[in-house]
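Trainee: Sequence first, then the predicted structure:
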Amino acid sequence: MPIKPLKIKSLFLAAAREIADHVDILTDLDCALGDGDHGTTMKKLTKVMTAEIETWNDTTNLKAGLKSLNDALEDVSGGSAGPLFGAFIYGMAEAADPDAPSTDAFIKSILLGAYDEFFATSKAVVGDKSMMDAIFPATEVIRSSTDDMKTTLENAAQAARTGSDNTAGMLAKFGRARYIGDRCLGHKDPGSVTFAYFYEGLAKGYLA
C-alpha cells in the first residue's frame, strides 16, 4: 500500500500544535530549572515546523520534505533545544524510505531513526533528567510493538508521559539545571515534557 503523505502531514501538524498549545507550561518549567527560554524556543520551532509542513501535499516526497523541514529548523536560534529537536527531525529524514511498504511502516522507521540520531547527538541516557527520558521509552514501545499503529502511538505517548513525569525525581546531568543540585528535585525536565506532548500529538494526528 503506497505511503500517504497527507497522513504523515496530519501527524506532524498535530504534534507541533500539541507543543505550541503548551508553551506557557514549558516556560514555567524552564524558569524553575534553567533560563526560562524553552517555551519561547519551542514556540519558534513549532511555528517554523507548521509553516513548512503546511506545504506538503499528496504528492510530496517525504524524504525531501523532512530534509527541508530539518533545514528550516536549523535556522531557529534558542539554546540547546533547537539543535536537539533538529537532530530528531534529521534522523527522521535519514531514515525515511519513500518506498516503504506502508504508511505505518514508514511512521515506525522514521521514529526509530529519530531516536538513533538524537542519541548520537545528545549522548543522554534515561535517568539524566533530559528529553531522552521521554524519547527512549516511547521509542522502545514503537520498536517492540506488534499492535496496530493507532494503539502503538497511544502507548508510546503514555510511555513518554510517564518517563517525563519521572524526571521530577531525578538530578540533572545536562543544562543549567545540573548546577542547582537537589533544588531541581520536584521539577520535571521541560525538554522531556516537550516530547511527551510531541508523542501525544502524533497519537492524536493519526486519528485525524
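Mentor: That came in fine, so what should we check first? Numbers count the residues shown, from 1 in each chain.

Trainee: need the helix or strand of this protein with the lowest average pLDDT.
Mentor: Least confident helix or strand, the chain: helix 23-33 with a mean of 89, by mean pLDDT, DSSP states H and E.

Trainee: Below-threshold pLDDT in this structure: ranges please.
Mentor: Applying pLDDT under 70 to the chain flags residues 1, 78, 174-181, 183-184.

Trainee: Now do the helices in it.
Mentor: Assigned by DSSP state H, the chain shows helices spanning 5-20, 23-33, 38-53, 62-74, 81-95, 103-122, 132-144, 149-166, 190-207.

Trainee: what helices or strands is the least confident helix or strand of the chain leaning on?
Mentor: Using 3 or more Cβ pairs under 8 Å, 6 or more residues apart in numbering; DSSP states H and E, the elements in contact with helix 23-33 are helix 38-53, helix 190-207. In short, each C-beta sits where N, CA and C put it, glycine included.

Trainee: now stretch 158-174, how far from the centre of its chain.
Mentor: Averaging C-alpha positions (Cα atoms, centre = their mean, to the nearest Å) puts stretch 158-174 15 Å from its chain's average.

Trainee: Buried residues of that stretch, list them for me.
Mentor: Within stretch 158-174, the residues that qualify as buried are Gln158, Ala159, Ala160, Arg161, Gly163, Ser164, Asn166, Thr167, Met170, Leu171, Ala172, Phe174, counting by 16 or more other Cβ atoms under 10 Å.

Trainee: Kindly reformat those residues as CSV containing distance to Phe119.
Mentor: Supplementary listing: the buried residues of stretch 158-174 in CSV, determined by distance: Cβ to Cβ, whole Å:
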residue, distance to Phe119
Gln158, 21
Ala159, 16
Ala160, 15
Arg161, 20
Gly163, 14
Ser164, 17
Asn166, 18
Thr167, 17
Met170, 18
Leu171, 21
Ala172, 18
Phe174, 13
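
Trainee: What is the nearest of those to Glu74?
Mentor: Phe174 (20.6 Å; Cβ to Cβ).

Trainee: For Val141, the count of nearby residues, please.
Mentor: Taking other Cβ atoms under 10 Å as the criterion, the count of residues near Val141 is 22.

Trainee: Setting aside sequence neighbours, what's the nearest residue to it?
Mentor: If the residues on either side of it in the chain are set aside, Val141 comes closest to Ala156, at 4.3 Å by Cβ to Cβ, 6 or more residues apart in numbering.

Trainee: Great, nothing more from me.
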